[in-house]
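>>> My questions concern the predicted model and sequence given below.
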Amino acid sequence: MDEWIAFFEPFFATRNATLAFVERLERLPLHDPSHRAKIMMHQTQRLVSIADDIPSIRKGKESLQLLFLLVCAENIAKMHENFHDEGQSRAYVRKFFDLFVVDADRTQLESSFSTYARVPLDMAAVANALYSVRCDVVHEGKYWGFHFHDGRKPMVNDDPDVIVSLTIAQFRSIVVRGCIRAIQTYVPAP
């Protein structure tokens, strides 16, 4: 359980709150209807950790990191809805951001993506822009053209045509908090 605790601890107010979150899920046996929430917790840690490891393989290739964060978002949204078929990736990425990115995270995400004219994008447009980067990586092998804020200045991207004013680390945190919300609100299929 140590790797789950270490991963999720920064997202809870106290260590005890982290322990309660992880231990409750880890106790779920395979036959429990809520077992899927345990798998969601594991998948969040695994997929986000892959995104974290990308800079050691391909430094500065944030499109690759984004790919794994969006794979995580899609996977969690599908699991949350008890979706067992294939396809509908874009729809589930949108659902993730619509359902699980809330409050300050939603405000931050919407205010951190804008057009060249500095018009903020709404959540659907943010999800579509990010998903188009994912498609460039998956279908075209283009993993070098999209960048998040570098800590000093916003990044102007040309495919999609957006200015991004948040760092990859901030985006990662938004995704993980969304995953936690999905895990905590998971209801087994009837």
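Thanks, I have the structure now. Numbering: from 1, shown residues only.
>>> Quick check: phi and psi on the residue sitting furthest away from the middle of the chain?
Computed with C-alpha atoms, centre = their mean, the residue of the chain farthest from its C-alpha average is His31, at 27.6 Å. Note on His31: backbone dihedrals following degrees, to the nearest 10 are phi -80, psi -10.
>>> what's the distance between it and Lys78?
His31 sits 21 Å away from Lys78, going by C-beta to C-beta, to the nearest Å. Using the backbone N, CA and C atoms, a C-beta is placed for each residue, glycine as well.
>>> roughly how far is stretch 58-77 from the heart of the chain?
Distance of stretch 58-77 from the chain centroid (C-alpha atoms, centre = their mean, to the nearest Å) equals 7 Å.
>>> Convert the C-alpha atoms of it to CSV, please.
C-alpha atoms of stretch 58-77 as CSV (Å, rounded to 0.1, in the frame of the first residue of the first chain):
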residue,chain,number,x,y,z
ARG,A,58,12.0,12.2,-23.9
LYS,A,59,12.8,15.4,-22.1
GLY,A,60,10.5,18.3,-23.1
LYS,A,61,8.0,16.2,-24.9
GLU,A,62,4.9,17.2,-22.9
SER,A,63,2.6,15.8,-25.6
LEU,A,64,3.7,12.4,-24.5
GLN,A,65,3.0,13.2,-20.9
LEU,A,66,-0.4,14.6,-21.9
LEU,A,67,-1.2,11.4,-23.7
PHE,A,68,-0.9,9.3,-20.6
LEU,A,69,-2.8,11.8,-18.5
LEU,A,70,-5.6,11.7,-21.0
VAL,A,71,-5.5,7.9,-21.2
CYS,A,72,-5.9,8.0,-17.5
ALA,A,73,-8.8,10.4,-17.7
GLU,A,74,-10.5,8.4,-20.4
ASN,A,75,-10.0,5.1,-18.5
ILE,A,76,-11.3,6.5,-15.2
ALA,A,77,-14.4,8.0,-16.9
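>>> What residues of it count as buried?
Buried residues in stretch 58-77, counted by 16 or more other C-beta atoms under 10 Å: 61-77.
>>> How about stretch 123-133?
Within stretch 123-133, the residues that count as buried by 16+ other C-beta under 10 Å are 125-131, 133.
>>> As a markdown table, those residues with distance to Leu25, pLDDT and secondary structure would be great.
What follows is the buried residues of stretch 123-133, written out as a markdown table (distance: C-beta to C-beta, whole Å; pLDDT from 0 to 100; DSSP: H, G, I helix; E, B strand; the rest coil):
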| residue | distance to Leu25 | pLDDT | secondary structure |
| --- | --- | --- | --- |
| Ala125 | 34 | 96 | helix |
| Val126 | 29 | 97 | helix |
| Ala127 | 27 | 97 | helix |
| Asn128 | 32 | 96 | helix |
| Ala129 | 32 | 96 | helix |
| Leu130 | 27 | 97 | helix |
| Tyr131 | 28 | 97 | helix |
| Val133 | 31 | 96 | helix |
